[in-house]
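Chemist: only geometry, no sequence info:
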């Protein structure tokens, strides 16, 4: 996936300023596609040059505040990109290599790092569960909400599996033979 397509998706959902887009991005798409605010602003400028979005200055707002809207060419680009095939994500985690190193040369003292990561995965899982309770507890959801819920469920499943796997790794790391 590319950042411009993530931004086009977010703007298609709701036109907004760069600042609001960066904040919304952190709380939605940012869970599975990371970008700094600087990258977001740089891409917005590039997308405007490409004619995918248009910005208008917000009257009564702070000086220079712009509202971004998606243009038909931006929608076409988003549709073009979405119709392309893509490879599934491959796992790339340096902790896997560290575990292999531990297996190859002996205990490397990884327990503390795995405990830290376990807490991070448990916290992220709780964040996702809170979002689930807040946004998806209605018995009948519109299609748009169902699709967003599917994305959240993927995050929940990922974090549940990481919690379980990290606990298993900790048990192996703590066992002495």
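Modeler: Now that the structure is in, tell me what you want to look at. Keep in mind that what you see is a predicted model, and the values were worked out from it rather than measured.
Chemist: what packs against the worst-scoring helix or strand of the chain on mean pLDDT?
Modeler: One helix or strand of the chain scores below all others by mean pLDDT, DSSP states H and E: helix 18-26, with a mean of 85. Counting contacts by 3 or more CB pairs under 8 Å, 6 or more residues apart in numbering; DSSP states H and E, helix 18-26 is packed against helix 3-13, helix 37-50, strand 66-70. (Each C-beta comes from the backbone N, C-alpha and C, glycine too.)
Chemist: ok now stretch 33-44, how far from the chain's centre?
Modeler: 13 Å (CA atoms, centre = their mean, to the nearest Å).
Chemist: tell me the contacts of the residue most central in space within the chain?
Modeler: The centroid of the chain falls nearest to residue 32 when counting by CA atoms, centre = their mean (2.0 Å). Residues near residue 32 by CB atoms under 8 Å, 6 or more residues apart in numbering: 151, 154, 155.
Chemist: Quick check: it vs residue 91, distance?
Modeler: Relative to residue 91, residue 32 is positioned 14 Å away (CB to CB, to the nearest Å).
Chemist: cool, and residue 11?
Modeler: 31 Å.
Chemist: More neighbours: those two, which one.
Modeler: More crowded of residue 11 and residue 91, by other CB atoms under 10 Å: residue 11, with 23 against 5.
Chemist: which ones are touching that one?
Modeler: Applying CB under 8 Å, 6+ apart to residue 11 gives the contacts 21, 53, 68, 69, 70, 74.
Chemist: Which of those residues sits closest to residue 169?
Modeler: Using CB to CB, residue 21 is the member of the contacts of residue 11 that lies nearest residue 169, at 37.4 Å.
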